[in-house]
Every structure is written in structure tokens, then in C-alpha cells.
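Asks: Fold the stuff below for me.
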Amino acid sequence: MKIATFNINNVNRRLPNLLAWLALARPDVVCLQELKAEQSAFPQTVLAKAGYQAVWVGQKTWNGVAILARDSTPVLTRTELPSDPSDQQARYIEAAVRGILIASIYAPNGNPLPGPKFDYKLAWLKRLHKHATALRRSGAPVVLAGDFNVAPTDLDIYPTQSWDDDALIHPDSRAAFRRLVGRSWIDALRKLYPQERLYTFWHYQRMRWQRDAGLRLDHLLLSPNLADRLAAGGVDRAVRGQEGASDHAPAWIELAP
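Replies: Predicted coordinates for the structure are as follows:
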């Protein structure tokens, strides 16, 4: 079972890129983030013709998340992160696909800091930690996939000091991610590539793609009962270099039966 996460950075603008990647990579499940499309504007019909059924939470401007399943229908279980009913940002969706509970996550960026956006980021990650713990304790096999907007270690960012004051690598952000993963969840790509520099995001500015000046912001976390099924994984870097591409590349894993 191949599960991928892809911050598409506007699903309608990047739809040709998305469809080309789906046809080539043929993931069984795809978690999308940053749809930048209202609920009614999600390209459901086009994706269905490509063989993917979907559940999604749309939102104009910057947010929006979705889960696609190839030749299967995701069973929607949740459309928001619990513990704060006042939070109206479309950043979390959860569905069951082929016996696995899968969440598509778009964590807040947190910039500028200090300030309310950074406070919201840390509070959101704390809520995610609480909910993830409840999911793990349920005994269900779970994959938390998405753009967590955290580069967890110095191995997850190109050698530089230019991001030192950014929320993506701030010590509090990294500490929140460490607490989330804890000793139970498996950071799948880091498990497969413990010492390699892996990037999933390259900013459009300052020739960062051309210089391979990237960050690993997109993660797939596995519940402990999926650890033995992790068979492969990677980042489809070439997708980032295509014309009209998102500033993220898809990250993926394969789970053995």
C-alpha cells in the first residue's frame, strides 16, 4: 500500500501537475494540503476520472486538506482537530482507507514570531499531540501525513543560518514535533534514511530549488503497530522541478501487506 503526502499549493492551479504525478506514481492514498479552494471548487470530478475518490475540507486563501484513494472510497471520520471549536482553519481531515486510519495534516506556519501566529502554531501542535495519543491508544493502525511546517533537525535543512529566526526551525517548534513523535510514533522517512539529507520543500525565491537549498517539512508518522510493515519510502524530487510546480515535492511510503 503506497501512501503519499503532497502540499499541492493550490489544487486547481497545479491540477495538471497533480494528474501527471498520479498517473506516474500511482499512489494508493494521497494526503493533499494547501488546497486554496473553497469546498465547491475542489476538482472532484476530474480526480474521479483519474481513478481517485476523495474527501476534503476546502477553504479559500491558504488552507484546505484532502485525502484521495485510488479505486477506493475514503470513509470520512473527522474534518477538524478537536479541542478548540473556535478554530475555523481547514487544517485537518481524517479517513479510513483499506483498514488504515489516515490523517492529512497542514500545520500552521507560525511566522512571524514572536506573535499570535506562532502562539497558534504551538497550540495547534499541542492539540495534534493530544489527538494523536488518543488515536494511538485506540489500537487502530494510523498514518499521520502532511505538511507539519517543522524541519525537525539540522539534517532536515540545508546548511545555512538564513532560517535561524524562522518558525519552521525554532527550538519551540522542534520541541513540539519531538513531543508529538515521542517514543511511539515512527518518522517513516527518517527511519528509512537515518543519516541522509532529505528535503520536501524548496522556496521559490533565491534559486533555492536550483541550489538544492531545501527543507524537510512533510512527514509521514506511523503508529507502532505499522512499524513492521514499513517497506520503502522516498521523495519524488523531480516533481518540484516541473513547470508550474508546487514549492513542495510528494513524499511517500510503502506498507507491506
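Asks: looking at it, Gly64 is touching Ile93, isn't it?
Replies: No - Gly64 is beyond contact range of Ile93, at 9.2 Å (criterion: C-beta atoms under 8 Å). Every residue, glycine included, has its C-beta placed from N, CA and C.
Asks: Tell me the residues that contact both of the two, please.
Replies: Residues touching both Gly64 and Ile93 (C-beta atoms under 8 Å, 6 or more residues apart in numbering): Trp56, Val57.
Asks: Which stretches in the chain count as strands?
Replies: Taking DSSP state E as the criterion, the chain contains strands spanning 2-7, 29-33, 52-57, 65-70, 75-78, 92-97, 100-106, 142-147, 186-187, 218-222, 230-235, 251-255.
Asks: Reformat the ones you listed as CSV; add mean neighbour count.
Replies: Output for the strands of the chain, formatted as CSV (neighbours: other C-beta atoms under 10 Å):
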stretch, mean neighbour count
strand 2-7, 26
strand 29-33, 29
strand 52-57, 22
strand 65-70, 25
strand 75-78, 14
strand 92-97, 24
strand 100-106, 25
strand 142-147, 27
strand 186-187, 18
strand 218-222, 26
strand 230-235, 17
strand 251-255, 24
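Asks: Turn these into CSV, including distance to Leu198 and mean pLDDT.
Replies: Below are these laid out as CSV (distance: least, C-beta to C-beta, whole Å; pLDDT from 0 to 100):
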stretch, distance to Leu198, mean pLDDT
strand 2-7, 13, 98
strand 29-33, 17, 98
strand 52-57, 26, 98
strand 65-70, 22, 98
strand 75-78, 29, 98
strand 92-97, 24, 98
strand 100-106, 18, 98
strand 142-147, 14, 98
strand 186-187, 11, 98
strand 218-222, 10, 98
strand 230-235, 6, 98
strand 251-255, 8, 98
